[in-house]
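Novice: Quick one, fold the following:
(4 chains)
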Protein chains: 4
Amino acid sequence: MKLTLDGALRMIEAAKQKAREIGTPMVIAVVDEGGNLVALERMDGALLVSVNIAWNKAYTAVALKMPTEDLSGLAQPGRPLFGIENADGGRIVIFGGGIPVLHQGHVIGGVGVSGGSVEQDVMCAQAGIKAFLPL
Amino acid sequence: MKLTLDGALRMIEAAKQKAREIGTPMVIAVVDEGGNLVALERMDGALLVSVNIAWNKAYTAVALKMPTEDLSGLAQPGRPLFGIENADGGRIVIFGGGIPVLHQGHVIGGVGVSGGSVEQDVMCAQAGIKAFLPL
Amino acid sequence: MKLTLDGALRMIEAAKQKAREIGTPMVIAVVDEGGNLVALERMDGALLVSVNIAWNKAYTAVALKMPTEDLSGLAQPGRPLFGIENADGGRIVIFGGGIPVLHQGHVIGGVGVSGGSVEQDVMCAQAGIKAFLPL
Amino acid sequence: MKLTLDGALRMIEAAKQKAREIGTPMVIAVVDEGGNLVALERMDGALLVSVNIAWNKAYTAVALKMPTEDLSGLAQPGRPLFGIENADGGRIVIFGGGIPVLHQGHVIGGVGVSGGSVEQDVMCAQAGIKAFLPL
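Specialist: Numbers count the residues shown, from 1 in each chain, chains lettered A, B, ... in the order given. This next block holds a predicted model:
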């Protein structure tokens, strides 16, 4: 079971729909199980920085097999992964908005969203995940 | 006049349609006039290398305001721009498949395609350009 | 409405004037709405590190559409954007001295200053912004 | 004897004047003897790629203590420096437009121009060099 382009586009469409409801333009990126980009869309007016951050969130979710949200606690000063955001050439994002795509317990990809507050980004990424129905 | 996400997706759809006719999966990238990514899609089975090459072709077409095809002659040994592929941090592509998007004589973006032979990439990029109708 | 080279040089001149009053040599950078460099000047004796920091501050102000000063609170340990300085390939600066250039509510560029204390950098960047009169 | 910001701006002004005569917008960069940027200006409408190429030309002229023009012959297939454009992290430019700034036989900086044909770039860089009068 691999994540297809069609599957990625369904996730992006759902995330965009949520972004429109929120009223904030976002960038949504989807990567496959190898951490490689499948699709990315930048909504009109989205922050420029969000292209790389959305992509890196999707990568991080796959590369660490966890939501990027879960990293934020672990990466605080004094915690076990303090400094991890520097440990992979500037690709690890340690705040919410990146979520792995699971199929029967296996990580087959990741979605990353950037453009709003962290909470908004997470909501859009979750909307993307919900729209993913393996064909 | 700016290139919108909808405009970018129309170009990608047309390039994908051409890629399907050819029978070769491609990556198609669209950047805006600042060289920043607007949208990218990797068709199922497309070469992994094509993510960066498609993006860099789109970037090159904007950054040099010319089809990447036109660079290949100029960048041959003994020609004026020999070595230009190394002069911008590894982002310049000197073979066909990147074409600027023009509106009233101004470059407002670029499309880049990678995945097949250079001729196939160019055909798909041209299909993308033809589908671009400014709204 | 685009930021022109003349507009950028007016901003740089005003920032330099403020730097002379303060008595600290600075680097001043101006980028356009795509985050691409328009002009940069390093005053004699300015810190070498300030070339990249001034540039990255200007980039950050455009890429996040906010003064870099506003990021410093959000990026502290325990705050929502902790770690953002590593989320875009090392280009995000999370202390003051980068300010977006606005025209009728739209971000059309950014100015970044580095070389003194953060407060001094901010003063010079503000002097640059004040000197910007769209022609 | 060091290259000052004022000296750099005189060179840039002269190079811009030549670019206006030619009718092609250029990017002009000046670096010091350490290869570090002193000043850079992108004329309105200049190619986006020229920001990095002008800078890298100025760097190359200092780093190799020769005009970048002289490198093109040496870097051809079969010649001694074939491949040098890959040997410094993508910063070496092997076509004309970068010229070292000399003072009493010592390299104290470099000017790099990009935006037109190689010949036009060289003409503008030479105009810059001619305008340099150590104070």
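Novice: tell me which parts of chain A are close to chain C?
Specialist: A:47-49, A:52-53, A:56, A:72, A:75-77, A:85-86, A:90, A:92-95, A:117-118 (C-beta under 8 Å from any C-beta of the partner chain). In this view, the C-beta of every residue, glycine as well, is placed from N, C-alpha and C.
Novice: And what about the nearest residue to A:G96 once chain neighbours are set aside, helix, strand or coil?
Specialist: Using C-beta to C-beta, 6 or more residues apart in numbering or on different chains and skipping the chain neighbours, the partner closest in space to A:G96 is A:E69 (3.6 Å). With DSSP: H, G, I helix; E, B strand; the rest coil as the basis, A:E69 sits in helix.
Novice: Now do A:D32: how many residues are near it, please.
Specialist: A:D32 is flanked by 24 other residues according to other C-beta atoms under 10 Å in any protein chain shown.
Novice: do A:I22 as well
Specialist: A:I22: 18 neighbours (other C-beta under 10 Å).
Novice: Which pLDDT value does the model give the closest residue in space to it that isn't next to it in sequence?
Specialist: The shortest distance from A:I22 to any non-neighbouring residue, by C-beta to C-beta, 6+ apart, is to A:Q120 (5.4 Å). Turning to A:Q120, the model gives it a pLDDT of 98.
Novice: same check, this time on A:F132
Specialist: Looking at A:F132, the pLDDT reads 84.
Novice: so what's it up against?
Specialist: Residues near A:F132 by C-beta atoms under 8 Å, 6 or more residues apart in numbering or on different chains: A:G7, A:R10, A:M11, A:V101.
Novice: ok but the residue nearest to A:I22 is inside a strand, no?
Specialist: No. Counting by three-state DSSP, A:Q120 is not part of a strand but helix.
Novice: Tell me the first helix or strand C-terminal of the longest helix belonging to chain A.
Specialist: In chain A, with assignment by DSSP state H, the single longest helix is helix A:5-22. Downstream of helix A:5-22, the next assigned helix or strand under DSSP states H and E is strand A:27-32.
Novice: quick one: the helix or strand following that next one to strand B:37-42, angle?
Specialist: Where DSSP H and E defines the elements, the next helix or strand beyond strand A:27-32 is strand A:37-42. Calculated by axes from the mean of the first three to the mean of the last three C-alpha atoms, to 10 degrees, strand A:37-42 forms an angle of 150 degrees with strand B:37-42.
Novice: Would you mind getting the angle between strand A:37-42 and helix B:5-22?
Specialist: Orientation check (the same axes, to 10 degrees): strand A:37-42 against helix B:5-22 gives 150 degrees.
Novice: Can you name every helix or strand that the biggest strand by length in chain A contacts?
Specialist: Identified as the longest strand of chain A according to DSSP state E is strand A:106-114. Here strand A:106-114 touches helix A:5-22, strand A:27-32, helix A:50-63, strand A:98-103, helix A:118-130, going by 3 or more C-beta pairs under 8 Å, 6 or more residues apart in numbering or on different chains; DSSP states H and E.
Novice: ok so, going back, any idea of the angle the longest helix of chain A forms with strand A:98-103?
Specialist: 140 degrees.
Novice: Which strands or helices does helix A:5-22 pack on?
Specialist: For helix A:5-22, the packing partners by 3+ C-beta pairs under 8 Å, 6+ apart come out as strand A:27-32, strand A:37-42, strand A:106-114, helix A:118-130, strand B:37-42.
Novice: how much space between the most centrally placed residue in chain A and C:L102?
Specialist: Nearest residue to the geometric centre of chain A (C-alpha atoms, centre = their mean): A:G112, 1.6 Å. The gap separating A:G112 from C:L102 is 29 Å, by C-beta to C-beta, to the nearest Å.
Novice: swap in A:R42?
Specialist: From A:R42 to C:L102 the distance is 21 Å (C-beta to C-beta).
Novice: repeat for A:L81
Specialist: A:L81 sits 38 Å away from C:L102, going by C-beta to C-beta.
Novice: what's the neighbour count on the residue nearest to A:L3 when sequence neighbours are not counted?
Specialist: Using C-beta to C-beta, 6+ apart and skipping residues adjacent in sequence, the residue nearest A:L3 is A:G109, 3.8 Å away. Look at A:G109: counted by other C-beta under 10 Å, it has 27 neighbours.
Novice: Spell out which parts of chain A neighbour chain B.
Specialist: Checking chain A against chain B by C-beta under 8 Å from any C-beta, the hits are A:2, A:4-5, A:9, A:34, A:36-44, A:48, A:51.
Novice: Compare the residues you listed and tell me which is most surrounded.
Specialist: A:V38 (30 neighbours).
Novice: In space, what's closest to that residue - neighbours in sequence excluded?
Specialist: A:A8 (4.3 Å).
Novice: dump the residue contacts of A:E119.
Specialist: A:E119 neighbours (C-beta under 8 Å, 6+ apart): A:G96.
Novice: how far away is it from chain D?
Specialist: Distance, A:E119 to chain D, by C-beta to the nearest C-beta, to the nearest Å: 35 Å.
Novice: before we move on, what SS does the residue sitting furthest away from the middle of chain A have?
Specialist: Computed with C-alpha atoms, centre = their mean, the residue of chain A farthest from its C-alpha average is A:G78, at 25.8 Å. For A:G78, the assignment made with three-state DSSP gives coil.
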